[in-house]
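Novice: Return a 3D structure for these sequence lines:
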Amino acid sequence: MPVLTMKETPRPSSTPTETKLEEQIRRRAYQLYEARSRENGNELEDWLQAEIDITGNATPEPSVV
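Specialist: Residues are numbered from 1 along each chain as shown. Have a look, this model is predicted:
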C-alpha cells in the first residue's frame, strides 16, 4: 500500500516591502510583550495591536486588481 504524504502548499513569495512591514510589526508586538512584563498568553492581541500601530488600520486593505 502506498504511503500517503501531505503536500505542502507553496506560499507566495513576500515582496521586500511585505517583509519589512512584517518585521516592523514583529518588533512592535515584542515591545508590547515586554511592556506587559513578558507575560505570556497575549500573542494574538499583541500582534493585532502592533498591526494597528504600524499600519494605522486593523484589517488589511483589499488588493486592487
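
Novice: Against E43, how distant is the residue nearest the centre of the chain?
Specialist: To find the centre residue of the chain, average its C-alpha atoms and take the closest one (CA atoms, centre = their mean): that gives E22, at 5.9 Å. For E22, the distance to E43 under the criterion CB to CB, to the nearest Å works out to 15 Å. Yep, even glycine has a C-beta here, placed from its N, CA and C like the rest.

Novice: Would you indicate which residues of the biggest helix by length in the chain are buried?
Specialist: What stands out as the longest helix in the chain, according to DSSP state H, is helix 16-35. By 16 or more other CB atoms under 10 Å, the buried positions in helix 16-35 come out as 25, 28-29, 32-33.

Novice: now what about that helix, what contacts it?
Specialist: Applying CB atoms under 8 Å, 6 or more residues apart in numbering, the contact partners of helix 16-35 are 14, 39, 42-43, 46-47, 49-51, 53-55.

Novice: helices or strands up against the helix or strand where I54 lies?
Specialist: In this structure, I54 is located in helix 43-55 according to DSSP states H and E. With contacts defined as 3 or more CB pairs under 8 Å, 6 or more residues apart in numbering; DSSP states H and E, the secondary structure elements packing on helix 43-55 are helix 16-35.

Novice: Next, the angle helix 43-55 makes with the helix it packs on.
Specialist: Going by axes from the mean of the first three to the mean of the last three CA atoms, to 10 degrees, helix 16-35 is angled at 120 degrees with respect to helix 43-55.

Novice: which stretches of this protein aren't confidently modelled?
Specialist: Counting by pLDDT under 70, the low-confidence segments of the chain come to 1-11, 58-65.

Novice: sorry, back to before: pull out the buried positions in the helix holding I54.
Specialist: By neighbour count, and taking 16+ other CB under 10 Å as the criterion, the buried residues in helix 43-55 are 46-51, 54.

Novice: and stretch 34-51, how far out from the chain's middle?
Specialist: The gap between the average C-alpha position of stretch 34-51 and the chain average comes to 12 Å, counting by CA atoms, centre = their mean, to the nearest Å.

Novice: for stretch 14-25, same thing?
Specialist: Between the mean C-alpha position of stretch 14-25 and that of its chain there is a distance of 9 Å (CA atoms, centre = their mean).
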